[in-house]
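>>> Have a look; sequence and predicted model below, questions after that.
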Amino acid sequence: MNSKNRSSLKLILLELGLLYLFAGNMLAVYSTVLPYREYLTLIIAIVGFWDLFKFIDLRKIQTEHILTPLLFVAPIIAITTFILYIQRCDFILTIQQVGKALAWIGVFSAAYSCGVADPKALEKLSLYSCTTFIYAYLFLGIKSFSAYKGIPQLSMAYYTLFMVPLALMSKYELVKWGVVGASFFTIVLSFKRAGLIAFILALAVYFIIEYKFSEKESRERRMIILKVLIIISAMVIFLIWYTYMEGPYSVVTKFQSMTEAKGFQRIPIWKTSIKMLRESNSIQCIFGHGCDAVLKNSPIGYSAHTDTIEVLYDYGILGALLLTIFTKRIFQVFRDLCRVYKTAAAPYAAACTISLVIASVSHVIIYPSYFLAICLFWGLAAGAIDSGYYRIIEDKIDNGRYDKT
């Protein structure tokens, strides 16, 4: 089996593993637990770390490599998380928590290796995005169940939101906009305001970049404008229709009650989290307290509700600095895509937009299960760029030597 076939098999297994994890997490709301999810998460993290060390030579570390910040932040995450949980849990559960904290790094690294071996693997993500319909279906059951139990908000809808960039890679319009529609449906019914803002901004960024890369006065530009008008109309009709729904599916009434009854509750949560930061000792300020430590240590029992504060508290100044460097590298990949792989640039920008919005007022890195789909996308894109394949194609086009056949 050659490297490309091994890469394809690894990617399929990784996608199936994520499907199992996502569906299992959603079914867990019903207390219907799919077995061995924690061990599967740990396996994904281990496989990803094998790939991480395969690309980074410890004898001569490439400081500009996208995986280098992950190589250094991983021990910080692992050690601090182990120390945090070993005081509260047994050894097995502690190791499982470490695996959860490192899973996103494992997915990114494994996907990166697949992208290097097969630069066109990114184009195959559209098929995987069809699993969004499974998550949307599961969400309907969760919605009714949660309404009966009195749970006001549902983050499970984020599984569909983070699949949108993958669907935007599809060349099949039915798949692309079917997934987008399913995601919008679940986000609205979940009453997640941050999710709705992220969804709208991601589509706006996607269309702006698509419009920019299309030729002036072309049919493609006219089609982009038409799609925007159709999508806006469909969203407005959907919201108007569900304004008059009753029970657990009443959207506008629920949004109003959330705002009027409770107001904006994140400010006192942020103040408490910042106070916890100030009360940390020097070692904790540098290296952090461990994954999800804000929730574990908070006197009010809430996480920080923003990754900026959460990362500083959980992984310290050093961890936050390394993750900032990694984020910078992620945006550098977007710059490269705009130059050599324009087809993926707009979906990639949509992925970045969703992640930034959710990270600002909620969590991405700390509760990474929703984030794993985008890590898969980012890893494949970064690997495809670093493979050099698209730069070679660009050079051939510039020199008039590229034959599409």
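Ah, there it is.
>>> pLDDT-wise, which helix or strand of this protein ranks last?
helix 251-262 (a mean of 50; mean pLDDT, DSSP states H and E).
>>> so where is the stretch 101-250 of the chain shaky, pLDDT-wise?
147-153, 216-218, 238-250 (pLDDT under 70).
>>> Which parts of it are helices?
125-128, 132-149, 158-161, 164-167, 173-190, 193-213, 219-243 (DSSP state H, counting those that start in this stretch).
>>> Distance from the third one to the middle of the chain?
The chain centroid and the centroid of helix 158-161 are separated by 9 Å, computed with C-alpha atoms, centre = their mean, to the nearest Å.
>>> Show me what stretch 30-39 is in contact with.
Contact with stretch 30-39 is made by 20-21, 23-25, 27-28, 96, 99-100, 141-142, 145, as judged by C-beta atoms under 8 Å, 6 or more residues apart in numbering. Where you see a C-beta, it was placed from the backbone N, CA and C, and this is true even at glycine.
>>> Least confident of those residues?
Ranked by pLDDT, the contacts of stretch 30-39 bottom out at Phe145, which scores 78.
>>> Please tell me how far it sits from Val29.
To Val29, Phe145 is 6 Å away according to C-beta to C-beta, to the nearest Å.
>>> The two: who's more crowded?
Set Phe145 next to Val29 and count neighbours by other C-beta atoms under 10 Å: Val29 wins out with 18 against 15.
>>> how about the nearest residue to that one, chain neighbours excluded?
Residue nearest to Val29 in three dimensions, not counting chain neighbours: Ile142, with 4.8 Å by C-beta to C-beta, 6 or more residues apart in numbering.
>>> Count the residues that sit near the one you found.
Neighbour count of Ile142, defined by other C-beta under 10 Å: 23.
>>> what about it, distance to Cys89?
Distance, Ile142 to Cys89, by C-beta to C-beta: 27 Å.
>>> re the thing from before, Thr353 is nearest to which of the helices of the stretch 101-250 of the chain?
Nearest of those to Thr353, taken as C-beta to C-beta: helix 193-213 at 4.4 Å.
>>> ok, back up a step: single out the most deeply packed of the helices of the stretch 101-250 of the chain.
By mean neighbour count, with neighbours taken as mean count of other C-beta atoms under 10 Å, helix 158-161 ranks first of the helices of the stretch 101-250 of the chain at a mean of 29.
>>> what packs against it?
helix 3-27, helix 132-149, helix 173-190, helix 193-213, helix 342-361 (3 or more C-beta pairs under 8 Å, 6 or more residues apart in numbering; DSSP states H and E).
>>> other SSEs contacting the longest one?
Read that as helix 3-27. Using 3+ C-beta pairs under 8 Å, 6+ apart: helix 3-27 touches helix 37-55, helix 91-117, helix 132-149, helix 158-161, helix 372-386.
>>> 6 Å instead?
For helix 3-27, the contact count by 3 or more C-beta pairs under 6 Å, 6 or more residues apart in numbering; DSSP states H and E identifies helix 37-55, helix 91-117 as packing neighbours.
>>> Okay, angle between it and helix 372-386 too, please.
160 degrees (axes from the mean of the first three to the mean of the last three C-alpha atoms, to 10 degrees).
>>> Name the residues of helix 3-27 that come out as buried.
By neighbour count with 16 or more other C-beta atoms under 10 Å, helix 3-27 contains the buried residues 7-8, 10-11, 14-15, 17-18, 21-27.
>>> sorry, back to before: what would the helices and strands packed on helix 3-27 look like in CSV with distance to Ile224?
As requested, the helices and strands packed on helix 3-27 are exported to CSV (distance: least, C-beta to C-beta, whole Å):
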stretch, distance to Ile224
helix 37-55, 36
helix 91-117, 27
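>>> Please identify the deepest-packed of these.
Neighbour counts (mean count of other C-beta under 10 Å) averaged over each of the helices and strands packed on helix 3-27 peak at helix 91-117, with a mean of 24.
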